[in-house]
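Student: just coords:
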Ligand code: NAP
């Protein structure tokens, strides 16, 4: 159980992030739900967590790519909740395109949100974790970062970078009892993948378990890693065997 702990979940308004928020709240954690633009969805989810699980849940607008804004966010969450114990770096975007035609801005934006966003959050939570001599970080990477994916050079680079970041942070903070792990989801049913049809593009055939995953299945893995004191630097695939 996570009673008494506070979790900060980025990209918590929709999809995998919303499932993570609900899962952690169901285990008793108070939750700071960070969103970019979906204020209503984030606030509705916070109200649901309060009603269903009797935990404190509050929504915060923040672009995780903005170093200074993330500093203010973490300070505000600390003020509102008293501490941060679990950080889930889930916020992410895609701007897919073939490499030969990919715009510089598309590469930069995906790296800024998906990779630097995680750095920003870890960087600004690190002081709290070090003072507490405790903390758990879970980064949401992707099988694209493990395998590479045609049409996703920017996203694959960001998600692979996130795995390197995870391992470096794990080694650096382990002496203080702080863990840092990653999950690598495969093809999960959310807004991010709504334009892809598994059957049409042969994706389903490439997934040994023969189906796309649900956000709740990723949330289970995140909750596990968030409360596993002797696991650090691990990358847990949640992909139906896709990247095996
Ligand atoms: P999604 O449904 O598109 O939701 C994305 C979330 O990230 C939203 O809550 C969004 O907030 C937030 N976000 C986007 N840009 C942000 C920014 N600059 N600052 C703060 N928050 C921001 O995506 P998803 O499918 O749940 O994906 C969640 C994570 O899992 C991502 O890191 C993604 O790369 C990863 N992943 C997904 C899959 C998949 O198949 N779906 C597979 C592997 C990995 P708003 O609602 O306010 O826009």
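Tutor: Right, received. Where do you want to start? It should be emphasised that the depicted structure is a prediction, and the values quoted were computed from it without experimental measurement.
Student: Does residue 233 touch residue 167 like I think?
Tutor: Yes - Residue 233 lies in contact with residue 167 (C-beta atoms under 8 Å); the separation is 4.9 Å. (Each C-beta comes from the backbone N, C-alpha and C, glycine too.)
Student: measure the residue of the chain most remote from its centre to the ligand for me?
Tutor: The centre of the chain is farthest from one residue, residue 100, which by C-alpha atoms, centre = their mean lies 29.1 Å away. To the ligand, residue 100 is 23 Å away according to C-beta to the nearest ligand atom, to the nearest Å.
Student: And the pLDDT at that residue?
Tutor: Note for residue 100: predicted pLDDT of 98.
Student: any idea how far it is from residue 167?
Tutor: Residue 100 sits 32 Å away from residue 167, taking C-beta to C-beta, to the nearest Å as the criterion.
Student: how far does stretch 146-160 sit from the chain's center?
Tutor: 16 Å (C-alpha atoms, centre = their mean, to the nearest Å).
Student: buried ones in that stretch?
Tutor: Neighbour-count burial for stretch 146-160 flags 146, 152-160 (criterion: 16 or more other C-beta atoms under 10 Å).
Student: now what about stretch 145-164, what contacts it?
Tutor: For stretch 145-164, contacts defined as C-beta atoms under 8 Å, 6 or more residues apart in numbering pick out 89, 92, 94-99, 102, 106-107, 110-111, 113-115, 118, 139-144, 182, 184, 235, 237, 243.
Student: Residue 223 contacts residue 24, correct?
Tutor: Yes - using C-beta under 8 Å, residue 223 is in contact with residue 24, at 6.0 Å.
Student: For residue 19, which three-state class applies?
Tutor: Assigned with DSSP: H, G, I helix; E, B strand; the rest coil, residue 19 falls in the helix class.
Student: Can you get me a residue count around it?
Tutor: By the criterion of other C-beta atoms under 10 Å, residue 19 has 23 neighbours.
Student: isn't it right up against residue 213?
Tutor: No - contact status for residue 19 versus residue 213: not in contact, 10.7 Å apart, counting by C-beta under 8 Å.
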